[in-house]
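S.K.: mind folding the following:
(2 chains)
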Amino acid sequence: MAYTFNGGIHVEEYKNTRRCRIEAFTPVKSVAIPLQQHIGVPCEPLVAVGDTVTVGQKIGDVKEGLGCPVHASVSGKVMDIAERPTSNGSIVKSIIIENDGLDTPCPDLTPYHGRLSDASTEEIIRIVREAGITGMGGASFPTYAKIQSAVGKVDKIIVNCAECEPFITANHRLLLENPASVINGVKILLKAFGVHTAWLAVEDNKLDAINKLEELTAESNMIEVKVMKTKYPQGDERQLIFALTGEELPAGKLPADVGCVIFNAETCSAIFRAFSRGMPLVKRIITVDGDCIRYPRNLLVPIGTSIGDIIEFCGGLSRTPKKIIAGGPMMGQAQWDIRTPVVKGTSAILLFSNRFDKRKNADETCIRCGKCVRNCPMHLMPNYIAQYSRIGDHENAAKYGAMSCVECGSCSYNCPGGVEIVQFIRMAKATIRAEQKKRDALSPNQSKQK
Amino acid sequence: MDKNEKTILTTDNDVQTEEKKVPIPVFLTVSPSPHIRSHENISSIMLDVLIALMPAFLWGVYVFGWRALMIAVLSVASCVGFEALTEKILKCPITVSDLSAAVTGLLLAMNMPVSVPLWLPVVGGFFAIVVVKQLFGGIGKNFVNPALAARVFLFTAWAGFMSRFPAAGAKINSVAIELAEGDIIAGATPLASLKEGTLPDIHLLDNIIGNVGGCIGEVSAFMLAAGGIYMLVRRVITWHIPVAYIGTVALLTYLFPQHGGVAADFMLAEIFSGGLFLGAIFMATDYTTSPVTSKGRLIFGIGCGCLTVLIRYFGSYPEGVSFAILIMNVLVGYIDKLTIPRRFGGNPDGK
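M.R.: As a prediction, the model looks like this:
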């Protein structure tokens, strides 16, 4: 019996690249490494224009507050430190490195020498931070901070290998081609938390990976493979925890509050690499797919590789794309510039014509079919929230639970009326947040008393 | 940007180097996620409903003759025509291609006896589309089911035409029905006999298959159920409303039979007679005028069932399906409010 949750949708999978081996690709000319690829404070550059850098060299760090360093992903010369677009649509100061093609590793990098059983939690957290590891599933929360805040509160680690987004097969290929790195990363995390349970949650559309993982974890009495039903959004941490433990994460709480901590599969692999080779997070696996790319594939690319270089490597375009998406088609962001680089949280580059996103009707109309209500993994009434948002009644939108929306897009995907439900909810959320802020600013004492 | 650069060919499968290179577009669309949609739209759903209605409708044509088809064509054409016309006058986008007007038209026709004058479906179509649907804002905005409201309108305004049921197998193939009025047998429908407290003089099987008098589309419970199963399989409707509705009628008529015989016989005669199947499967499940939550749909179905039985037992009409559904239609907003689902993780205010 596969684990699952209530609600959600069956999205057509389009996992076209499931048999494409991961290929390494390094852009010939240059990479642009944004100084902010994580949730938190942007990094300060540690290098100047004209400096020579090596692979894995720290080129930016956060002095104070939440955040983790960024590293050079190719060796060469710093050409420029300039503002560049990033995949979330913001303009971020980026370090542009000209590739000298030598791939000289940074001499300071050393593998972890001691035995894992002797490693202290603090030491592991320090190494993870220095390696610049963030959550690689998309949210990009600094991993060291996640470990720090959850230590002592959790009794199990969940490794999210659900990969419920259509098209993306990067995690699937990682689990097939290098499952040991993921499992070893999990072992390091088990040590860091001092717990004895880790679950690898994989959707049942990746049975080959499940078999492989089960083989490798057969000896272990701590790591267990959990088979999840293939359904979107299984990879959402709330649904993952509910499916596995039956516990509902209350609004505003973190997984640690119910004793769980969740890591992405590739994040685990990156943690292992930081230990075994001393190499920080400088490369990641991405899926390149869509109906406009000539040769869809899975690539291991240095952080900072531009979308344009990736398109070229994949044989160019086969037809003119309407959209270029960083991330999955359900929650990824549409891009407006092909200079935009791959960052730590980019799991895919998708090039779509309008084939997947056709206008459904002459007019955008809610026909009250109730599909969004049935599909909402948060058990909201998206149709009502969207309607209240549309007429500007944010009070009622909040009453119907706008702030609980996780923006998975299940409602919009299935809406036969073609209503941009999730977008209306996002608009309501933004307004509600702004109003809340305004109210707090007006009466700071009152809100404190509360 | 990079379009003047040479392609870097690095792998074996790049053999088609001669193929024309597609340039990267200057403008890319930036829009919020999701970037992928299901193929389902209003017209695909409405097409499914039309397909699901076909068995019962074709049965109606078989039993009542070609005139049934004529009435349906007139009704559908007038619904679609009035929709286009109103939208043109009101300067709204023309939405007839979503097929919802066609569904309304076919449902309206199936709710009429075959012997009605040919202008009646046109008047009904006008009332359904213009008055009930478009004046309230078009698809998704009407608060009662257009086809049902039109049926009730016709029923109260031209009761004579609307309750003159030809007998089963009448096979009326001529247009000029008025001229041959004497030929129509105003046979008592099963419901009319039930109203008088006697079991209809019809074999149960005939009642299920539809060898009885009645409206064009309501007679064959079997064909209607087949359409309902098709809609369930295609996920057009959920089971809640039909099951709750028919189940409630079955339970109430079994517990409180109106005549002295076997309760089960009375119950079966009640559920397979009249418009219950057509109403429960196709009318009460109308998206716009039914609740959006599963719990709400159960309440809605049970409410329809109770009202239907109450009207059949105590009302002055033999049939109560139309009125029951219309009354529940206007309560949908409240049912939705009462059945707001419990949020995942609990509501923050502890409710």
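
S.K.: residues from the stretch 51-200 of chain B in reach of chain A?
M.R.: The interface of the stretch 51-200 of chain B toward chain A, taken as C-beta under 8 Å from any C-beta of the partner chain, is made up of B:Cys92, B:Pro93, B:Ile94, B:Thr95, B:Ser97, B:Asp98, B:Ser100, B:Gly138, B:Ile139, B:Gly140. Backbone N, C-alpha and C define where each C-beta goes, glycine included.

S.K.: let's see 6 Å
M.R.: B:Pro93, B:Thr95, B:Asp98, B:Ile139, B:Gly140 (C-beta under 6 Å from any C-beta of the partner chain).

S.K.: tell me if I'm right that the fourth one and B:Ser100 touch.
M.R.: Just to be clear, that refers to B:Ile139. Yes: counting by C-beta atoms under 6 Å, B:Ile139 touches B:Ser100, with 5.2 Å between them.

S.K.: pick out whichever of these two has more residues nearby.
M.R.: More neighbours surround B:Ser100 than the other of B:Ile139 and B:Ser100, with 29 against 25 (other C-beta atoms under 10 Å in any protein chain shown).

S.K.: isn't that one right up against B:Met46?
M.R.: Yes: the criterion here is C-beta under 6 Å, and B:Ser100 meets it with B:Met46 at 5.2 Å.

S.K.: ranking by neighbours, what's the top pick from the residues of the stretch 51-200 of chain B next to chain A?
M.R.: Within those, most neighbours by other C-beta under 10 Å means B:Asp98, with 27 neighbours.

S.K.: for that residue, which residues are in contact?
M.R.: A:Asn361, B:Ile42, B:Ser43 (C-beta atoms under 6 Å, 6 or more residues apart in numbering or on different chains).

S.K.: now those residues in a markdown table, with distance to A:Pro280?
M.R.: Output for these, formatted as a markdown table (distance: C-beta to C-beta, whole Å):
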| residue | distance to A:Pro280 |
| --- | --- |
| A:Asn361 | 50 |
| B:Ile42 | 52 |
| B:Ser43 | 53 |
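
S.K.: touching chain B at all, stretch A:326-346?
M.R.: Yes: under the criterion of C-beta under 6 Å from any C-beta, stretch A:326-346 makes contact with chain B via A:Pro329, A:Met330, A:Met331, A:Gly332, A:Ala334, A:Trp336, A:Ile338.

S.K.: ok, A:Arg368 touching B:Asp286?
M.R.: No: here A:Arg368 lies out of contact with B:Asp286, judged by C-beta under 6 Å, at a distance of 9.1 Å.

S.K.: follow-up on the earlier one: which member of the contacts of B:Asp98 is positioned nearest B:Phe300?
M.R.: Within the contacts of B:Asp98, proximity to B:Phe300 (C-beta to C-beta) peaks at B:Ile42, which comes in at 21.6 Å.

S.K.: burial of that closest one, as a residue count?
M.R.: Other residues near B:Ile42 come to 26 when the count uses other C-beta under 10 Å.

S.K.: in the stretch 101-250 of chain B, what residue lies closest to chain A?
M.R.: Closest approach between the stretch 101-250 of chain B and chain A, counting by C-beta to the nearest C-beta: B:Gly140, at 4.5 Å.

S.K.: helix, strand or coil for that residue?
M.R.: coil (DSSP: H, G, I helix; E, B strand; the rest coil).

S.K.: name the residues that touch the one helix or strand in chain B whose mean pLDDT sits lowest?
M.R.: When the helices and strands of chain B are scored by mean pLDDT, DSSP states H and E, helix B:190-195 comes last with a mean of 76. Outside helix B:190-195, the residues within contact range by C-beta under 6 Å, 6+ apart are B:Pro200, B:Ile202, B:Val212, B:Ser273, B:Gly274, B:Pro318, B:Glu319.

S.K.: can you redo these as TSV with pLDDT, secondary structure and neighbour count?
M.R.: Formatted as TSV, the contacts of helix B:190-195 follow (pLDDT from 0 to 100; DSSP: H, G, I helix; E, B strand; the rest coil; neighbours: other C-beta atoms under 10 Å in any protein chain shown):
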residue	pLDDT	secondary structure	neighbour count
B:Pro200	75	coil	20
B:Ile202	76	coil	19
B:Val212	84	coil	27
B:Ser273	87	coil	27
B:Gly274	86	coil	28
B:Pro318	80	coil	19
B:Glu319	84	coil	25
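
S.K.: and which of those is nearest to A:Ala72?
M.R.: When those are compared against A:Ala72 (criterion: C-beta to C-beta), the nearest one is B:Gly274, at 79.1 Å.

S.K.: re the thing from before, mind listing which of the contacts of B:Asp98 are in strands?
M.R.: In this view, those have no member that belongs to strands under DSSP state E.

S.K.: if we can go back for a sec, as JSON lines, the residues of the stretch 51-200 of chain B next to chain A with distance to B:Pro166 would be great.
M.R.: Formatted as JSON lines, those follow (distance: C-beta to C-beta, whole Å):
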{"residue": "B:Pro93", "distance to B:Pro166": "41"}
{"residue": "B:Thr95", "distance to B:Pro166": "36"}
{"residue": "B:Asp98", "distance to B:Pro166": "34"}
{"residue": "B:Ile139", "distance to B:Pro166": "34"}
{"residue": "B:Gly140", "distance to B:Pro166": "36"}
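
S.K.: just put these in JSON lines and tack on pLDDT.
M.R.: Putting those into JSON lines (pLDDT from 0 to 100) gives the following:
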{"residue": "B:Pro93", "pLDDT": "90"}
{"residue": "B:Thr95", "pLDDT": "91"}
{"residue": "B:Asp98", "pLDDT": "92"}
{"residue": "B:Ile139", "pLDDT": "92"}
{"residue": "B:Gly140", "pLDDT": "92"}
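
S.K.: identify the farthest-apart pair in those residues.
M.R.: The span of these, defined through C-beta to C-beta, is set by B:Pro93 and B:Gly140 at 13.2 Å.

S.K.: you'd agree A:Gly137 is up against A:Asn264?
M.R.: Yes: under the criterion of C-beta under 6 Å, A:Gly137 makes contact with A:Asn264 at 3.8 Å.

S.K.: for the stretch 151-300 of chain A, which segments are assigned as helices?
M.R.: With helices called from DSSP state H, counting those that start in this stretch, the stretch 151-300 of chain A shows them at A:170-177, A:179-193, A:207-217, A:237-245, A:265-276.

S.K.: can you tell me which of those is most buried?
M.R.: Highest mean neighbour count of these: helix A:265-276, a mean of 25 (counted as mean count of other C-beta atoms under 10 Å in any protein chain shown).

S.K.: off-centre distance for that one?
M.R.: Here helix A:265-276 is found 15 Å from its chain centre; the criterion is C-alpha atoms, centre = their mean, to the nearest Å.
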